[in-house]
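S.K.: I would like the atomic coordinates for the input below:
(one chain, ligands or ions: 2)
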Amino acid sequence: MRYLTAGESHGKQLTTIIEGIPSNLPLYREDIDESLIRRQGGYGRGRRMQIEKDLIEITSGVRHGYTLGSPISLVLKNDDFTHWRNIMGEDPIGEDEEVRRTISRPRPGHADLNGALKYGHRDMRNVLERSSARETAARVAAGAVAKKMLSSLGINIIGYVRNIGGITSQFDEGLSCEEKKEISEESPVRTLDKDAEQKMMNAIDQAKKEGDSIGGVVEVMVEGMPAGVGSYVHYDRKLDARIGGSVMSINAFKGVEFGVGFEAANLNGSQVHDEIDWDDERGYYRKTNRLGGFEGGMTTGMPIIVKGVMKPIPTLYKPLQSIDIDSKEPFKASIERSDSCAVPAASVVMEHVVAWELARALTEQFPHDRFEQLQEALDQYREEVRNF
Ligand SMILES: Cc1cc2nc3c(=O)[nH]c(=O)nc-3n(C[C@H](O)[C@H](O)[C@H](O)COP(=O)(O)O)c2cc1C
Ligand SMILES: C=C(O[C@@H]1CC(C(=O)O)=C[C@@H](OP(=O)(O)O)[C@H]1O)C(=O)O
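M.R.: Ligands and ions are numbered 1, 2, ... in the order given. Next up is the predicted model:
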C-alpha cells in the first residue's frame, strides 16, 4: 500500500492517490468525511477552519460502495481558493501588483527559509503553500481508508490529547478504544479528563491573549492487532520504527514514544519489561503493557500505545525576529491569522497516520487481492497464534 498527496494550502484542491487497497472493501464517502470533520475541529483553531468545509469526493477506485482494487483517488476542495484565485492560479504572472508581490520574510519555525535556500525560491509563498499542515487533511483521507480496513478486521484505533501546555490529563488506563472515543469526542480539546480539559482551554486562551502559542502531547491507542505483525529481520520492516517515522512526519511533531517511552531511562529493567503469561482462552498475554505493544519491531498482541509531541505553533501574534531576504534587514512579522493550538486536531492526524502504517503492515504480511481473502488469512493467523 502506498499513497501520494498533492496540493497547495490555498490552491484549488488537495488530491490523494492510494494504491494497494484490496478489492471488495466496503467504503463510503461518509467513512472519510467523518475523519475530515473530526480533524477540522478542536479548541484553539483559527479562522481558516471556519472557511473550509472538508468533504471528500471519491473520483476513482470505488464503485457502489466497494473498492475495486484499482487506484483510489480522493479530492478535497479548498474553499479558501476563491480568495486566492489570482495569487494561486497557474497562468503566467502578468502585471497585477498583488500577484507580483513576493514573500521575502521567512517565519522562524516554518519551512520558509530552508525551503527557499534549497529550491531557490525568492518568493517564499512557493515554499509555505506546500509545507503548510493543510496537507494533513489529505493524509487523514488516506488514513480513513486504512481505518475502514482495520475496523473491518476487528482492529480499533483512537487518538486523543494527553497534554496541552504542560497540563496532563489523568484517566483510567483500562478504558477501551470505544470508551476513549466516546469521551474524547465530547471534549473540545479531545481529552479524557474533565478537570484537565478546562485547564487546557484556559491555557490556550491565555497563550492567545499573550500573542503566543502552546503545544502538547497526543496519544494513539490500538486494540485488536494480533502478535507478530511487523518484523525484526530488517530495519525497514520494524513496525514501531515505521510508525515512529510517520508520526514524526506530521507538521510540528518533535518526538515519539511507545509505552513508558523516554521514562525508560529512569527505570530498572524489571519496571519496564512485560512478563509473559498464558491461558487457554487468550493464548500468550502480558499482565502489564509498559512497552506499549511492541517488542523486536513486532506487535505483542497487547494494545499499542504511542505518543507524539507537538511543538507550539510557530506563527505568533507576538512575532519573533527574522531577516528579510531582499533587504537583509531584521524585522518582526505581523500576521493575519493562525491556529493558537492545533494539538486536538493533531490527535486526529496522528490516529490516521498510525492507522495507515498498521494497514500497510497487514497487507504486506497477508498479501491478497481481495479483502475477504485478507480477512480469512488474518482470522486463520489469529487462530494459529492462540494455539501456538
Ligand atoms: C493540524 C495542524 C495545524 C497547524 N496549524 C498551524 C497554524 O495555523 N499556524 C502555524 O504557524 N503552524 C501550524 N501548524 C504547524 C506548522 O505546519 C509546522 O510547524 C511547520 O510546517 C514547520 O514544520 P515542522 O514544525 O515540522 O518543522 C499546524 C500543524 C498541524 C499538525
Ligand atoms: C488549513 C489548515 O491548517 C493551516 C495550517 C497552517 C500551517 O502553517 O501549517 C496555517 C493555517 O492556514 P492559513 O495560513 O490559511 O490560516 C492553518 O489554518 C488545515 O488544517 O486544514
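
S.K.: List the contacts of the residue of the stretch 151-300 of the chain found nearest ligand 2.
M.R.: At 5.4 Å from ligand 2, residue 251 is the closest residue in the stretch 151-300 of the chain, using Cβ to the nearest ligand atom. (Each C-beta comes from the backbone N, C-alpha and C, glycine too.) By Cβ atoms under 8 Å, 6 or more residues apart in numbering, the residues touching residue 251 are 131, 132, 133, 135, 136.

S.K.: so which of those residues also contact ligand 2?
M.R.: Checking the contacts of residue 251 against ligand 2 by Cβ under 6 Å from any ligand atom, the ones in range are 132, 133.

S.K.: Which ones among the contacts of residue 251 lie within helices?
M.R.: Counting by DSSP state H, the part of the contacts of residue 251 found in helices is 131, 136.

S.K.: Sort out which one of the contacts of residue 251 lies nearest residue 59 for me.
M.R.: Distance to residue 59, by Cβ to Cβ, is smallest for residue 135 among the contacts of residue 251, at 18.3 Å.

S.K.: Number of residues surrounding the closest residue to ligand 2 within the stretch 201-350 of the chain?
M.R.: Nearest residue of the stretch 201-350 of the chain to ligand 2 (Cβ to the nearest ligand atom) works out as residue 337 at 4.7 Å. Residue 337 sits with 11 neighbouring residues when counted by other Cβ atoms under 10 Å.

S.K.: Surely it is in a helix?
M.R.: No. The assignment for residue 337 (DSSP: H, G, I helix; E, B strand; the rest coil) gives coil, which keeps it out of a helix.

S.K.: From the contact counts, what lies against the helix or strand of the chain with the lowest mean pLDDT?
M.R.: The least trusted helix or strand in the chain, going by mean pLDDT, DSSP states H and E, turns out to be helix 97-100, with a mean of 87. Counting contacts by 3 or more Cβ pairs under 8 Å, 6 or more residues apart in numbering; DSSP states H and E, helix 97-100 packs against helix 81-88.

S.K.: what about the helix it packs on and ligand 2, any contact?
M.R.: No. Contact of helix 81-88 with ligand 2 (Cβ under 6 Å from any ligand atom) is absent, the minimum separation being 9.0 Å.

S.K.: Could you do stretch 202-221 as well?
M.R.: No. Using Cβ under 6 Å from any ligand atom, we find that stretch 202-221 stays clear of ligand 2, coming within 11.3 Å at best.

S.K.: now that stretch, how far from the centre of its chain.
M.R.: Distance of stretch 202-221 from its chain centroid, counting by Cα atoms, centre = their mean, to the nearest Å, is 18 Å.

S.K.: what phi and what psi does the backbone show at the closest residue in space to residue 80 that isn't next to it in sequence?
M.R.: Computed as Cβ to Cβ, 6 or more residues apart in numbering, the closest residue to residue 80 that is not its neighbour in sequence is residue 51, at 4.9 Å. When read as degrees, to the nearest 10, the backbone of residue 51 gives phi -80, psi -40.
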